[in-house]
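Student: okay, structure incoming, though there's no sequence with it:
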């Protein structure tokens, strides 16, 4: 069968065309990465991908991991002005089966497909077989999902919108940040301070704190990292602040889910700032939980370095759905 799997992001989208053999083995036929801003809709992006793939057959199935809450197979993306509807895509593209899944539910499912080469341990603690797992990550937004073991040891993943819970500052500097961002955005979620879209606000805040004029153009993680490496003190301060905030968020996830099966940190910002996140500052911020410090310190925490987690996870979700459907059919027949 011919499948398309996609990881739709606020900044970029990764799409893969695979052939799924009878034994379940995936053979990658074509893959492309596209800037999200280059397309007015998901339909336009998918038509471009299918044209670029130059296949002589049509796909049987498509699954897209999307950033936002999926309701009745429809979603308005959180950080991109697109609305995706599975039924409309199915009819418009002529694909028999189209499914939408939350991007971090897919990321959670994709954890099982990671190898040792895809992971960097930043808190090397023993992983408990069958323990709860969680995955979070800063990309354009801030995602979160968790996984629990089911029948036969197969993990089931659950989407959340935890990144939009209320941000809580831990010191006077962060309290001033909260007040500044509240004046600009109203509600201040963790995504407003610990994501790629938050980096311009963090940099402007540090400019104000250090009495420096902010830049005329917005910055991103790559620019900030390069500027900090070149000795820019404001960029360095902004990244230190981000590491503190991101670490605090990861510590919260550790307490919320007690993921003894592993807490996995993903996302595009994670990839850009891997060296800083592997330093002691990040883990210190995560463990700064007062009486619950020991709970965080006992949590195995890993950075995910693979850029294909979303696509792999989308395929894993599709396979799990087919497996569950087949099992349910077998039970019904009996």
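Tutor: Done, it's in. From a predicted model like this one, the values you see are computed outputs, not experimental measurements.
Student: and residue 168, helix, strand or coil?
Tutor: coil (DSSP: H, G, I helix; E, B strand; the rest coil).
Student: how about low-confidence regions in the stretch 201-334 of the chain?
Tutor: Where the stretch 201-334 of the chain drops to pLDDT under 70, the residues are 322-334.
Student: where along the stretch 201-334 of the chain do the helices fall?
Tutor: 221-229, 233-257, 268-272, 274-277, 280-287, 293-297, 309-333 (DSSP state H, counting those that start in this stretch).
Student: distance to residue 25 and mean neighbour count for those helices - can I get that in TSV?
Tutor: The C-beta positions use only the backbone N, C-alpha and C, and glycine is treated the same way. TSV is the format used below for the helices of the stretch 201-334 of the chain (distance: least, CB to CB, whole Å; neighbours: other CB atoms under 10 Å):
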stretch	distance to residue 25	mean neighbour count
helix 221-229	36	18
helix 233-257	32	22
helix 268-272	28	22
helix 274-277	31	17
helix 280-287	38	19
helix 293-297	39	15
helix 309-333	11	17
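Student: indicate which one of those is closest to residue 140.
Tutor: Closest to residue 140 of the helices of the stretch 201-334 of the chain, according to CB to CB: helix 268-272, at 7.4 Å.
Student: picking that back up, make CSV from the helices of the stretch 201-334 of the chain and add distance to residue 125 to it.
Tutor: As requested, the helices of the stretch 201-334 of the chain are exported to CSV (distance: least, CB to CB, whole Å):
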stretch, distance to residue 125
helix 221-229, 28
helix 233-257, 11
helix 268-272, 19
helix 274-277, 17
helix 280-287, 11
helix 293-297, 8
helix 309-333, 22
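Student: among those, which is nearest residue 106?
Tutor: Residue 106 sits nearest to helix 309-333 of all the helices of the stretch 201-334 of the chain, at 3.5 Å, using CB to CB.
Student: if we can go back for a sec, right, and the helices of the stretch 201-334 of the chain - which one's nearest residue 127?
Tutor: Closest among the helices of the stretch 201-334 of the chain, using CB to CB: helix 233-257, at 13.6 Å.
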